[in-house]
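**Student:** how does the following fold in three dimensions:
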Amino acid sequence: MFDLKNLEAAAERLAALLPDDARVLRDEFKASAKPIIESMLNRMDLVTREEFDAQSRVLAATRARLEALEAALAELERKDDG
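**Tutor:** Now for the predicted structure:
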């Protein structure tokens, strides 16, 4: 679901914030940060940009169809009243 390269890069940036003299802690953090971040993101029930864009297209098409049906119904009602 998530780009692992981005997660690894985030873990690297976070690890870089730790002081150099804490190398063991830094290496340990780097090894465990990626799975922790990935787990947190998965629990957030996020969708990818591609999934979001696909659903946006489906919604736009549905909205257009609804508007067309509403217009057709209004036309039929107008004819029925006239």
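
**Student:** who are the neighbours in contact with the residue lying closest to P19 once chain neighbours are set aside?
**Tutor:** Spatial nearest neighbour of P19, excluding adjacent residues (Cβ to Cβ, 6 or more residues apart in numbering): R26 at 7.9 Å. Where C-beta positions appear, they are placed from N, C-alpha and C, glycine not excepted. R26 makes contact with 15, 18-20, according to Cβ atoms under 8 Å, 6 or more residues apart in numbering.

**Student:** repeat that for N6.
**Tutor:** Applying Cβ under 8 Å, 6+ apart, no residues qualify as near N6.

**Student:** so it, which state does it fall into?
**Tutor:** Put simply, N6 is helix when judged by DSSP: H, G, I helix; E, B strand; the rest coil.

**Student:** measure it to I37 for me?
**Tutor:** 10 Å (Cβ to Cβ, to the nearest Å).

**Student:** next: G82.
**Tutor:** G82 is 64 Å from I37, by Cβ to Cβ.

**Student:** the two: who's more crowded?
**Tutor:** Between G82 and I37, I37 has the larger neighbour count (other Cβ atoms under 10 Å), namely 17 against 5.

**Student:** isn't the more buried one up against E12?
**Tutor:** No. Shown here, I37 and E12 do not form a contact pair, counting by Cβ atoms under 8 Å, at 11.5 Å.

**Student:** just the element for the residue nearest to P19, please.
**Tutor:** helix 23-43 (DSSP states H and E).

**Student:** could you look up the SS state of the most centrally placed residue in the chain?
**Tutor:** The chain has V47 as the residue nearest its centroid, 3.3 Å off, counting by Cα atoms, centre = their mean. Per three-state DSSP, the local secondary structure of V47 is coil.
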